[in-house]
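1. No letters, just coordinates:
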């Protein structure tokens, strides 16, 4: 599966957006048509100071775009998010978020705030999850984000030690190592079946120990986070599930890597089938009573961060009641 990279586009061939334009029109959107028209006519080429156009690219194909313009309605230092669009088959896999985060990062170099306008409820929730807040006080805008400048003192000098298949290993100026991944998102599932959690036990080479944890894994290109969570749950445990609840995202080791885990919860569990493990996997499926699981965490006999994050979320949301702790 080819990886997807996000890069700034400084010279755009409008023909390269033809599939995006076609799909957007079929969905009833016109903003990609305007992007191409304005670019071809030189009205908006995202080339002024503080402007940029980013594309998500798979192989030679552009599968998503998002732009940054100076805000035409504001006199102060304000940037505007423009023309975000991702092909339907690549949605819910983090591409839209990565595109928008690149725009935010670039905007922070030039502006005090970043605004946008949307009348789409799902889009509004997407932007709010990224930190935008609703506003009715800024002309032509429904959402705003206050930006924090990138101070030179915050930029540590780094050396690239190794690059391999989407992984990059760095050493900072203090000799500390960290790594980044192009496809840095994974999913896990906390599943409750009657009075038991369905967990797995798996040997982890890095700690040379078997760890009790949540079932989960990576997200395939074009796969939604929810679909990935359900698929990994089925493959690793043999159980399938119905409706799920998104509990949030977490950085499992932000000091060491950019790995991000999306955590889901379900109480709709179907009877088990056979596991569908990969050749390198050896996984034991566990049914652990809720009370026992909480006590094992309290006793520090279970210390998996994704499992403890998920449990904290369901407890705080009032989803886990009637179990003594």
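-> Received it, and whenever you're ready, just let me know what you need. Worth saying up front: this structure is predicted, and the values here are computed from it rather than measured.
2. Going along the chain, name the helices of the stretch 51-200 of the chain.
-> 95-107, 121-129 (DSSP state H, counting those that start in this stretch).
3. Touching the first one from outside, list them.
-> For helix 95-107, contacts defined as Cβ atoms under 8 Å, 6 or more residues apart in numbering pick out 4, 6, 8, 50, 52, 54-56, 63-68, 79, 81, 84, 86, 114, 126-127, 130, 145, 147, 150. Yep, even glycine has a C-beta here, placed from its N, CA and C like the rest.
4. By neighbour count, sort out the buried ones in the residues you listed.
-> Those of the contacts of helix 95-107 that meet the buried threshold are 4, 6, 50, 52, 54-56, 63-68, 79, 81, 84, 86, 114, 126-127, 145, 147, by 16 or more other Cβ atoms under 10 Å.
5. Out of these, which sit inside strands?
-> Of the positions in the buried ones among the contacts of helix 95-107, 4, 6, 52, 54-56, 63-68, 79, 81, 84, 86, 114, 145 sit in strands, assigned by DSSP state E.
6. still on that earlier bit, just so I know, which of the helices of the stretch 51-200 of the chain lies nearest residue 32?
-> Nearest to residue 32, of all the helices of the stretch 51-200 of the chain, is helix 95-107, at 13.5 Å by Cβ to Cβ.
7. re the thing from before, for the helices of the stretch 51-200 of the chain, could you give me a markdown table that also reports distance to residue 216 and mean pLDDT?
-> Listed next are the helices of the stretch 51-200 of the chain as a markdown table, based on distance: least, Cβ to Cβ, whole Å; pLDDT from 0 to 100:
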| stretch | distance to residue 216 | mean pLDDT |
| --- | --- | --- |
| helix 95-107 | 19 | 93 |
| helix 121-129 | 20 | 89 |
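8. Please work out which of these is packed deepest.
-> Ranked by mean neighbour count, those are led by helix 95-107 with a mean of 20 (mean count of other Cβ atoms under 10 Å).
9. Which helix or strand in this structure has the lowest average pLDDT?
-> Counting by mean pLDDT, DSSP states H and E, the chain has its least confident helix or strand at strand 158-164, which shows a mean of 83.
10. can you list contacts of it?
-> 168, 169, 170, 171, 172, 173, 177.
11. okay, among those residues, which ones form the most distant pair?
-> The span of these, defined through Cβ to Cβ, is set by 168 and 173 at 16.7 Å.
12. Who has more neighbours out of these two?
-> Shown here are residue 168 and residue 173; by other Cβ atoms under 10 Å, residue 168 has more neighbours (16 against 9).
13. you'd agree the more buried one is up against residue 184?
-> No: contact criterion Cβ atoms under 8 Å: residue 168 and residue 184 do not qualify, at 10.9 Å.
14. can you count the residues close to residue 37?
-> By other Cβ under 10 Å, neighbour count at residue 37 equals 14.
15. Just give me how far stretch 206-220 sits from the chain centre.
-> Computed by Cα atoms, centre = their mean, to the nearest Å, the chain-centroid distance of stretch 206-220 equals 19 Å.
16. same question for it, mean pLDDT?
-> Averaged across stretch 206-220, pLDDT comes to 91.
17. hmm, who's touching that stretch?
-> The contact list for stretch 206-220, computed with Cβ under 8 Å, 6+ apart, reads 1, 93-94, 183, 185-191, 198-204, 225, 228-229, 232-233, 235-237, 261, 263, 283, 286, 288, 296, 302, 304, 306-307, 310.
18. for the stretch 51-200 of the chain, which spans come out with low pLDDT?
-> Scanning the stretch 51-200 of the chain for pLDDT under 70 picks out the ranges 149-157.
19. Return the distance of the residue lying closest to residue 126 once chain neighbours are set aside relative to residue 260.
-> When the adjacent residues along the chain are set aside, residue 126 lies closest to residue 96, with 6.7 Å between them (Cβ to Cβ, 6 or more residues apart in numbering). From residue 96 over to residue 260 the distance is 14 Å, taken as Cβ to Cβ, to the nearest Å.
20. Also residue 66?
-> Taking Cβ to Cβ, one finds residue 66 at 19 Å from residue 260.
21. Residue 82 reaches residue 68, doesn't it?
-> Yes: look at residue 82 against residue 68 with Cβ under 8 Å: they come within range, at 6.8 Å.
22. for the residue positioned nearest the centre of the chain, phi and psi?
-> Nearest residue to the geometric centre of the chain (Cα atoms, centre = their mean): residue 94, 4.1 Å. The phi/psi pair for residue 94 (degrees, to the nearest 10) reads phi 90, psi 0.
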